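Asker: Requesting a structural model of the entry that follows:
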Amino acid sequence: MAQFNTLFQRASVRSSTTMSKITHVTRRAFTQQSQSVYNTIRHHPNTGLKYLGGAGAVALGGYVAYSLSRPATYVPSQTRDLMSTIGGPAFAKTVRNRIAKTYGYLAGSVVLTGATTMFLLSRGFLARYMMSPMLISIGSMLGAMAAIHVTMRMDYDYNTVGKHLGWCAVNGLIGVSLVGLCGIAGGAIVQQAALITGCIIGGMSTAAMVSPNDTFLRMGPYLGVGLGVVIAASLGGMFFPGSTLLMNISLYGGLGLFGLYTAHDAQRVLHDAQVAPRFDPISEQMGLYMDTINIFVRVVQILMMAQGGRRK
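Answerer: Numbering: from 1, shown residues only. Down below sits the predicted model:
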(Lines give C-alpha, C1' and ligand atoms only; values in the text may rest on other atoms or scores of the structure.)
Protein backbone atom coordinates (compact mmCIF):
# COMPACT_ATOMS: atom_id res chain seq x y z
CA MET A 1 0.00 0.00 0.00
CA ALA A 2 2.87 2.36 0.78
CA GLN A 3 4.36 1.69 -2.64
CA PHE A 4 1.02 2.48 -4.30
CA ASN A 5 0.75 5.77 -2.40
CA THR A 6 4.20 6.73 -3.62
CA LEU A 7 3.24 5.91 -7.21
CA PHE A 8 0.03 7.91 -6.88
CA GLN A 9 1.92 10.95 -5.68
CA ARG A 10 4.53 10.67 -8.43
CA ALA A 11 1.83 10.42 -11.08
CA SER A 12 0.02 13.39 -9.56
CA VAL A 13 3.08 15.63 -9.72
CA ARG A 14 3.72 14.53 -13.30
CA SER A 15 0.19 15.40 -14.33
CA SER A 16 0.15 18.75 -12.53
CA THR A 17 3.53 19.71 -14.00
CA THR A 18 2.42 18.80 -17.50
CA MET A 19 -0.85 20.68 -17.13
CA SER A 20 0.91 23.76 -15.77
CA LYS A 21 3.29 23.84 -18.72
CA ILE A 22 0.54 23.29 -21.31
CA THR A 23 -1.50 26.06 -19.71
CA HIS A 24 1.45 28.44 -19.95
CA VAL A 25 2.53 27.56 -23.49
CA THR A 26 -0.76 26.99 -25.27
CA ARG A 27 -3.27 29.30 -23.60
CA ARG A 28 -4.08 30.99 -26.93
CA ALA A 29 -5.38 27.66 -28.24
CA PHE A 30 -7.77 27.11 -25.35
CA THR A 31 -11.48 27.60 -25.50
CA GLN A 32 -12.86 30.98 -24.46
CA GLN A 33 -13.93 29.60 -21.12
CA SER A 34 -10.48 28.18 -20.35
CA GLN A 35 -8.91 31.47 -21.41
CA SER A 36 -11.20 33.37 -19.06
CA VAL A 37 -10.26 31.15 -16.12
CA TYR A 38 -6.57 31.49 -16.92
CA ASN A 39 -6.77 35.30 -17.16
CA THR A 40 -8.64 35.47 -13.85
CA ILE A 41 -5.78 33.66 -12.11
CA ARG A 42 -3.00 35.33 -14.09
CA HIS A 43 -4.01 38.98 -13.92
CA HIS A 44 -5.70 39.22 -10.52
CA PRO A 45 -2.98 38.43 -7.97
CA ASN A 46 -5.15 39.11 -4.93
CA THR A 47 -8.01 36.73 -5.70
CA GLY A 48 -9.00 34.40 -2.91
CA LEU A 49 -8.95 31.49 -5.38
CA LYS A 50 -5.25 31.98 -6.00
CA TYR A 51 -4.27 32.00 -2.34
CA LEU A 52 -6.65 29.16 -1.52
CA GLY A 53 -5.09 27.08 -4.29
CA GLY A 54 -1.59 27.96 -3.11
CA ALA A 55 -2.43 26.99 0.46
CA GLY A 56 -3.90 23.72 -0.76
CA ALA A 57 -0.74 22.98 -2.76
CA VAL A 58 1.44 23.61 0.31
CA ALA A 59 -0.82 21.46 2.48
CA LEU A 60 -0.77 18.58 0.02
CA GLY A 61 2.99 18.84 -0.39
CA GLY A 62 3.45 18.85 3.37
CA TYR A 63 1.24 15.79 3.78
CA VAL A 64 3.16 13.91 1.10
CA ALA A 65 6.49 14.93 2.64
CA TYR A 66 5.39 13.73 6.07
CA SER A 67 3.86 10.45 4.92
CA LEU A 68 6.83 9.48 2.75
CA SER A 69 9.42 10.51 5.34
CA ARG A 70 8.66 7.38 7.37
CA PRO A 71 11.63 5.00 7.01
CA ALA A 72 10.93 1.63 5.42
CA THR A 73 12.35 -1.67 6.61
CA TYR A 74 14.74 -3.53 4.32
CA VAL A 75 16.98 -6.55 4.70
CA PRO A 76 20.56 -5.17 5.10
CA SER A 77 22.94 -5.55 2.18
CA GLN A 78 25.34 -7.62 4.30
CA THR A 79 22.61 -10.18 4.93
CA ARG A 80 21.72 -10.29 1.25
CA ASP A 81 25.37 -10.78 0.33
CA LEU A 82 25.47 -13.73 2.71
CA MET A 83 22.34 -15.15 1.11
CA SER A 84 24.00 -14.82 -2.30
CA THR A 85 27.10 -16.62 -1.09
CA ILE A 86 25.08 -19.47 0.40
CA GLY A 87 22.72 -19.70 -2.56
CA GLY A 88 25.50 -19.92 -5.12
CA PRO A 89 24.97 -19.82 -8.92
CA ALA A 90 21.30 -20.82 -8.70
CA PHE A 91 20.50 -17.84 -6.46
CA ALA A 92 22.43 -15.46 -8.71
CA LYS A 93 20.59 -16.77 -11.78
CA THR A 94 17.22 -16.27 -10.11
CA VAL A 95 18.08 -12.69 -9.18
CA ARG A 96 19.28 -11.91 -12.70
CA ASN A 97 16.12 -13.36 -14.24
CA ARG A 98 13.91 -11.32 -11.92
CA ILE A 99 15.74 -8.08 -12.69
CA ALA A 100 15.71 -8.82 -16.42
CA LYS A 101 11.93 -9.38 -16.33
CA THR A 102 11.41 -6.14 -14.43
CA TYR A 103 13.37 -4.05 -16.92
CA GLY A 104 11.76 -5.94 -19.78
CA TYR A 105 8.34 -4.85 -18.57
CA LEU A 106 9.70 -1.32 -18.09
CA ALA A 107 10.81 -1.27 -21.72
CA GLY A 108 7.42 -2.60 -22.75
CA SER A 109 5.69 0.11 -20.74
CA VAL A 110 7.70 2.82 -22.48
CA VAL A 111 6.98 1.34 -25.91
CA LEU A 112 3.24 1.00 -25.24
CA THR A 113 3.01 4.53 -23.84
CA GLY A 114 4.87 6.02 -26.80
CA ALA A 115 2.83 4.01 -29.29
CA THR A 116 -0.41 5.22 -27.70
CA THR A 117 0.68 8.85 -27.81
CA MET A 118 1.92 8.66 -31.39
CA PHE A 119 -1.22 6.84 -32.54
CA LEU A 120 -3.50 9.47 -31.03
CA LEU A 121 -1.43 12.30 -32.51
CA SER A 122 -1.56 10.69 -35.94
CA ARG A 123 -5.36 10.53 -35.64
CA GLY A 124 -5.70 14.23 -34.90
CA PHE A 125 -6.49 13.81 -31.21
CA LEU A 126 -4.41 16.88 -30.32
CA ALA A 127 -7.13 19.26 -31.54
CA ARG A 128 -9.71 17.53 -29.35
CA TYR A 129 -7.29 17.56 -26.45
CA MET A 130 -6.81 21.31 -26.70
CA MET A 131 -10.56 21.87 -26.55
CA SER A 132 -10.65 20.55 -22.96
CA PRO A 133 -7.09 19.93 -21.75
CA MET A 134 -7.90 20.12 -18.05
CA LEU A 135 -10.71 17.58 -18.30
CA ILE A 136 -8.66 15.08 -20.31
CA SER A 137 -5.54 15.50 -18.16
CA ILE A 138 -7.40 15.02 -14.88
CA GLY A 139 -9.50 12.20 -16.32
CA SER A 140 -6.50 10.30 -17.66
CA MET A 141 -4.60 10.82 -14.39
CA LEU A 142 -7.45 9.49 -12.26
CA GLY A 143 -7.93 6.61 -14.66
CA ALA A 144 -4.23 5.78 -14.53
CA MET A 145 -4.25 5.85 -10.73
CA ALA A 146 -7.23 3.52 -10.60
CA ALA A 147 -5.57 1.21 -13.12
CA ILE A 148 -2.31 1.18 -11.12
CA HIS A 149 -4.20 0.35 -7.94
CA VAL A 150 -6.12 -2.51 -9.57
CA THR A 151 -3.07 -3.83 -11.39
CA MET A 152 -0.85 -3.92 -8.32
CA ARG A 153 -3.51 -5.74 -6.31
CA MET A 154 -3.72 -8.55 -8.89
CA ASP A 155 -1.62 -11.63 -8.39
CA TYR A 156 1.03 -12.01 -11.09
CA ASP A 157 1.01 -15.82 -10.97
CA TYR A 158 -2.71 -16.57 -10.55
CA ASN A 159 -4.27 -13.77 -12.60
CA THR A 160 -1.76 -13.35 -15.40
CA VAL A 161 -4.21 -12.15 -18.06
CA GLY A 162 -5.86 -9.58 -15.80
CA LYS A 163 -2.48 -8.36 -14.59
CA HIS A 164 -1.29 -7.74 -18.14
CA LEU A 165 -4.54 -6.08 -19.16
CA GLY A 166 -4.26 -3.70 -16.21
CA TRP A 167 -0.63 -3.03 -17.10
CA CYS A 168 -1.63 -2.15 -20.67
CA ALA A 169 -4.41 0.10 -19.38
CA VAL A 170 -1.93 2.05 -17.22
CA ASN A 171 0.41 2.57 -20.16
CA GLY A 172 -2.42 3.60 -22.45
CA LEU A 173 -3.85 6.16 -20.04
CA ILE A 174 -0.44 7.69 -19.39
CA GLY A 175 0.02 7.85 -23.16
CA VAL A 176 -3.24 9.78 -23.46
CA SER A 177 -2.07 12.30 -20.87
CA LEU A 178 1.13 12.96 -22.85
CA VAL A 179 -0.65 13.83 -26.10
CA GLY A 180 -0.79 17.58 -25.40
CA LEU A 181 2.83 17.98 -24.37
CA CYS A 182 4.26 15.82 -27.17
CA GLY A 183 2.04 17.43 -29.79
CA ILE A 184 3.15 20.91 -28.80
CA ALA A 185 6.81 20.01 -28.47
CA GLY A 186 7.11 18.34 -31.87
CA GLY A 187 8.87 15.19 -33.01
CA ALA A 188 12.44 16.50 -32.86
CA ILE A 189 12.21 17.55 -29.21
CA VAL A 190 10.36 14.38 -28.23
CA GLN A 191 13.08 12.23 -29.80
CA GLN A 192 15.84 14.17 -28.04
CA ALA A 193 13.99 13.96 -24.74
CA ALA A 194 13.46 10.20 -25.14
CA LEU A 195 17.18 9.68 -25.76
CA ILE A 196 18.18 11.86 -22.79
CA THR A 197 15.65 10.12 -20.55
CA GLY A 198 16.96 6.72 -21.57
CA CYS A 199 20.51 7.77 -20.71
CA ILE A 200 19.42 9.08 -17.29
CA ILE A 201 17.41 5.96 -16.44
CA GLY A 202 20.14 3.64 -17.67
CA GLY A 203 22.93 5.52 -15.92
CA MET A 204 21.18 5.85 -12.56
CA SER A 205 19.99 2.23 -12.63
CA THR A 206 23.49 0.98 -13.37
CA ALA A 207 24.97 3.10 -10.58
CA ALA A 208 22.40 1.73 -8.14
CA MET A 209 22.86 -1.89 -9.17
CA VAL A 210 26.65 -1.85 -8.78
CA SER A 211 26.63 0.17 -5.56
CA PRO A 212 28.39 -1.80 -2.78
CA ASN A 213 25.78 -0.81 -0.19
CA ASP A 214 22.23 0.46 0.20
CA THR A 215 23.05 4.15 -0.11
CA PHE A 216 20.21 4.93 -2.53
CA LEU A 217 17.75 2.65 -0.79
CA ARG A 218 18.24 4.51 2.49
CA MET A 219 17.48 7.81 0.77
CA GLY A 220 13.77 7.00 0.61
CA PRO A 221 12.58 9.26 3.48
CA TYR A 222 14.62 12.23 2.19
CA LEU A 223 13.32 11.72 -1.32
CA GLY A 224 9.80 11.63 0.08
CA VAL A 225 10.29 15.06 1.61
CA GLY A 226 11.67 16.31 -1.70
CA LEU A 227 8.67 14.89 -3.53
CA GLY A 228 6.37 16.82 -1.23
CA VAL A 229 8.20 20.05 -2.07
CA VAL A 230 8.03 19.36 -5.80
CA ILE A 231 4.31 18.55 -5.60
CA ALA A 232 3.66 21.81 -3.76
CA ALA A 233 5.68 23.75 -6.35
CA SER A 234 3.99 22.01 -9.29
CA LEU A 235 0.45 22.59 -8.05
CA GLY A 236 1.34 26.08 -6.84
CA GLY A 237 2.60 26.91 -10.32
CA MET A 238 -0.93 26.41 -11.64
CA PHE A 239 -2.17 29.20 -9.37
CA PHE A 240 0.94 31.40 -9.63
CA PRO A 241 1.98 30.89 -13.27
CA GLY A 242 4.32 33.88 -13.22
CA SER A 243 6.52 32.52 -10.43
CA THR A 244 9.97 31.63 -11.74
CA LEU A 245 10.94 30.12 -8.39
CA LEU A 246 8.09 27.62 -8.40
CA MET A 247 8.78 26.71 -12.02
CA ASN A 248 12.47 26.09 -11.32
CA ILE A 249 11.71 23.94 -8.27
CA SER A 250 9.19 21.89 -10.20
CA LEU A 251 11.30 21.60 -13.35
CA TYR A 252 14.95 21.36 -12.34
CA GLY A 253 14.38 20.22 -8.78
CA GLY A 254 11.97 17.58 -10.02
CA LEU A 255 14.46 16.38 -12.62
CA GLY A 256 17.12 15.82 -9.97
CA LEU A 257 14.63 14.30 -7.57
CA PHE A 258 13.32 11.71 -9.99
CA GLY A 259 16.84 10.91 -11.11
CA LEU A 260 17.61 9.94 -7.52
CA TYR A 261 14.28 8.16 -7.26
CA THR A 262 15.39 6.04 -10.23
CA ALA A 263 18.47 4.89 -8.30
CA HIS A 264 16.33 4.28 -5.20
CA ASP A 265 13.77 2.22 -7.12
CA ALA A 266 16.49 0.27 -8.93
CA GLN A 267 18.01 -0.75 -5.59
CA ARG A 268 14.54 -1.64 -4.32
CA VAL A 269 14.08 -3.94 -7.32
CA LEU A 270 17.44 -5.55 -6.57
CA HIS A 271 16.49 -5.94 -2.91
CA ASP A 272 13.14 -7.57 -3.71
CA ALA A 273 14.71 -9.79 -6.37
CA GLN A 274 17.05 -11.12 -3.68
CA VAL A 275 14.68 -11.59 -0.76
CA ALA A 276 11.06 -11.76 -2.00
CA PRO A 277 9.63 -15.30 -1.93
CA ARG A 278 7.25 -14.35 -4.76
CA PHE A 279 8.33 -11.74 -7.27
CA ASP A 280 5.99 -9.55 -9.34
CA PRO A 281 7.97 -7.80 -12.12
CA ILE A 282 5.00 -5.73 -13.30
CA SER A 283 4.44 -4.17 -9.88
CA GLU A 284 8.18 -3.81 -9.32
CA GLN A 285 8.66 -1.77 -12.49
CA MET A 286 5.84 0.68 -11.73
CA GLY A 287 8.08 2.95 -9.68
CA LEU A 288 10.76 3.04 -12.37
CA TYR A 289 8.08 3.66 -14.99
CA MET A 290 6.70 6.70 -13.15
CA ASP A 291 10.27 7.97 -12.69
CA THR A 292 10.79 7.62 -16.44
CA ILE A 293 7.63 9.55 -17.28
CA ASN A 294 8.41 12.33 -14.81
CA ILE A 295 11.95 12.71 -16.14
CA PHE A 296 10.76 12.65 -19.76
CA VAL A 297 8.17 15.37 -19.14
CA ARG A 298 10.73 17.66 -17.54
CA VAL A 299 13.34 17.08 -20.21
CA VAL A 300 10.77 17.94 -22.88
CA GLN A 301 9.89 21.16 -21.06
CA ILE A 302 13.55 22.14 -20.66
CA LEU A 303 14.21 21.54 -24.36
CA MET A 304 11.13 23.57 -25.29
CA MET A 305 12.33 26.46 -23.13
CA ALA A 306 15.79 26.26 -24.68
CA GLN A 307 14.34 26.30 -28.17
CA GLY A 308 12.12 29.26 -27.30
CA GLY A 309 15.12 31.14 -25.92
CA ARG A 310 17.12 30.61 -29.10
CA ARG A 311 14.26 31.92 -31.24
CA LYS A 312 14.21 35.13 -29.24
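
Asker: When you work out contacts or count neighbours from here on, use the C-alpha atoms and nothing else.
Answerer: Will do.

Asker: where does this structure have low pLDDT?
Answerer: 1-87, 239, 308-312 (pLDDT under 70).

Asker: which residues in it form strands?
Answerer: Under the criterion DSSP state E, the chain carries no strands.

Asker: tell me, how many neighbours does residue 165 end up with?
Answerer: 12 (other Cα atoms under 10 Å).

Asker: Please apply the same query to residue 267.
Answerer: 25.

Asker: wait, isn't it in contact with residue 216?
Answerer: Yes - here residue 267 reaches residue 216: they are 6.8 Å apart, a contact under Cα atoms under 8 Å.

Asker: Overlap in contacts, these two.
Answerer: Residues touching both residue 267 and residue 216 (Cα atoms under 8 Å, 6 or more residues apart in numbering) are residue 208.

Asker: Neighbours of residue 224, how many?
Answerer: Neighbours of residue 224 using other Cα under 10 Å come to 24.

Asker: What is the longest helix along the chain packed up against?
Answerer: Assignment by DSSP state H gives helix 77-122 as the longest helix of the chain. Under the contact criterion of 3 or more Cα pairs under 8 Å, 6 or more residues apart in numbering; DSSP states H and E, helix 77-122 touches helix 160-177, helix 179-185, helix 254-275, helix 281-311.

Asker: which of those sits most buried?
Answerer: helix 254-275 (a mean of 23; mean count of other Cα atoms under 10 Å).

Asker: Show me what it is in contact with.
Answerer: Against helix 254-275 from outside (Cα under 8 Å, 6+ apart): 74-75, 80, 84, 94-95, 98-99, 102, 200-201, 204-205, 207-209, 214, 216-220, 223, 226-227, 230, 279, 284-285, 287-288, 291-292, 294-295, 298-299.

Asker: among these, which ones are buried?
Answerer: Neighbour-count burial (16 or more other Cα atoms under 10 Å) applied to the contacts of helix 254-275 gives 84, 95, 98-99, 102, 200-201, 204-205, 208-209, 214, 216-220, 223, 226-227, 230, 279, 284-285, 287-288, 291-292, 294-295, 298-299.

Asker: how many other residues sit next to the closest residue in space to residue 230 that isn't next to it in sequence?
Answerer: Distances taken as Cα to Cα, 6 or more residues apart in numbering put residue 250 closest to residue 230, at 5.2 Å, once the chain neighbours are dropped. By the other Cα under 10 Å criterion, the neighbourhood of residue 250 contains 28 residues.

Asker: Might you report the residue contacts of residue 250?
Answerer: Here residue 250 is in contact with 17, 230-231, 233-234 (Cα under 8 Å, 6+ apart).

Asker: what about it, distance to residue 95?
Answerer: The gap separating residue 250 from residue 95 is 36 Å, by Cα to Cα, to the nearest Å.

Asker: Ok, residue 106 next?
Answerer: 17 Å.

Asker: do residue 242 as well
Answerer: Using Cα to Cα, residue 242 is found at 49 Å from residue 95.

Asker: my guess is residue 178 meets residue 117, correct?
Answerer: Yes - with contact defined as Cα under 8 Å, residue 178 counts as touching residue 117 (6.5 Å).
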